[in-house]
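# Quick check, what structure comes out for this input:
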Amino acid sequence: LREWEASGKVEYVMVTNDGRERSMELLVHLRGIFARQLPKMPQEYIMRMVFDRRHRTLAALKDGRVVGGLCHRHFATQRFYEVVFLCVQRSVQENGFGGRLLSQLKVWAQREGVDNLLTYADDSAPKFFEKQGFTREITMPVAQYRDYIKTYTSSTLMQCYVHPSAPYLEEQSVLRKQQQYVLTVAQLFYAKSNATYLREHQGPIHDAVDVL
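Take a look at the predicted model:
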């Protein structure tokens, strides 16, 4: 994938429903990819999200043809993106396009002052998102997102913190740092939960957990 990017075979384009012919052509192809890769999702819902002018889709193009996309909505006042769909054409899967689209989106987030990405991952997707720096432990205040994002059944809400200066296109080093962040958050969450349990059952305790 890196070689394809360096040679110009692969490029990434942010697409919105701005009425231009090229944009509409790309959105039609993106809708088709989402529909094929998400057969349980109602077709009219996919159509509505992709063409809704409040949503944007980051498209991956190989040799000028759409091979994947990431549809999202920017909540500027709340400083987060909601990732709605992330799909890659079956013929180019296993090449890293999914992770690369997320890395590209994080760069956009940095430019637009966005602190977090949120998504509802279906049952088969949490491990993929965890590899991309997402965590199941939501650290954002509930009031920041509760009345804004769409909720889905049989799915897990996940969050990814976007560091304002991290070089997200240098994937390996950044992913290691994000994975460490996820581990740290999980450890802190466990420590707090354990401390609460001990206080309730054994009375006050005084250790490092109290200052977390």
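# Where does pLDDT dip in this structure?
171-183, 186, 189-212 (pLDDT under 70).
# Would you state the helices of it in chain order?
Here the chain has its helices, by DSSP state H, at 2-7, 21-37, 43-51, 97-111, 126-131, 142-145, 171-202.
# Nearest residue to Y168 in space, please, no chain neighbours.
For Y168, ignoring the flanking residues on the chain, the nearest one in space by Cβ to Cβ, 6 or more residues apart in numbering is K106 at 4.2 Å. C-beta coordinates here come from the backbone N, C-alpha and C atoms, glycine included.
# Kindly provide the distance from the one you found to R20.
Distance, K106 to R20, using Cβ to Cβ, to the nearest Å: 26 Å.
# before we move on, what about M49?
On the measure of Cβ to Cβ, M49 and R20 end up 19 Å apart.
# the more surrounded of these two?
More neighbours surround M49 than the other of M49 and R20, with 20 against 11 (other Cβ atoms under 10 Å).
# show me what contacts the more buried one?
Residues near M49 by Cβ atoms under 8 Å, 6 or more residues apart in numbering: H55, C71, V84, F85.
# so which of those comes closest to K127?
Each of the contacts of M49 was scored against K127 by Cβ to Cβ, and F85 proved nearest at 18.3 Å.
# Among the contacts of M49, name the ones in strands.
Counting by DSSP state E, the contacts of M49 place H55, C71, V84, F85 in strands.
# so how many other residues sit close to the first one?
Spelled out, it's H55. Using other Cβ under 10 Å, H55 is surrounded by 20 other residues.
# Nearest residue to it in space, ignoring adjacent ones along the chain?
In space, H55 is closest to R73, 5.0 Å off (Cβ to Cβ, 6+ apart).
# if I look at the one you found, how far off is D52?
8 Å.
# the more surrounded of the two?
Taking neighbours as other Cβ under 10 Å, R73 and D52 compare with R73 leading, 18 against 14.
# Report the beta-bridge partners for that one.
Listed beta-bridge partners, R73: H55, E82 (assigned using DSSP bridges).
# Give the full set of residues in contact with it.
Counting by Cβ under 8 Å, 6+ apart, R73 has contacts R54, H55, R56, Y81, E82, V84.
# cutoff 7 Å now
R54, H55, Y81, E82, V84 (Cβ atoms under 7 Å, 6 or more residues apart in numbering).
# Can you tell me, leaving aside adjacent residues, what's nearest to the first one?
What sits nearest to R54 in space, not counting adjacent residues and going by Cβ to Cβ, 6+ apart, is R73, at 5.8 Å.
# can you check the last one too?
For V84, ignoring the flanking residues on the chain, the nearest one in space by Cβ to Cβ, 6+ apart is C71 at 4.6 Å.
# Could you report the neighbour count for S7?
S7: 8 neighbours (other Cβ under 10 Å).
# Can you tell me the closest non-neighbouring residue to V162?
A109 (4.5 Å).
# Tell me if I'm right that the one you found and Y81 touch.
Yes - between A109 and Y81 there is a contact under Cβ atoms under 7 Å: 6.0 Å.
# ok, those two, which is more surrounded?
Y81 (27 against 23).
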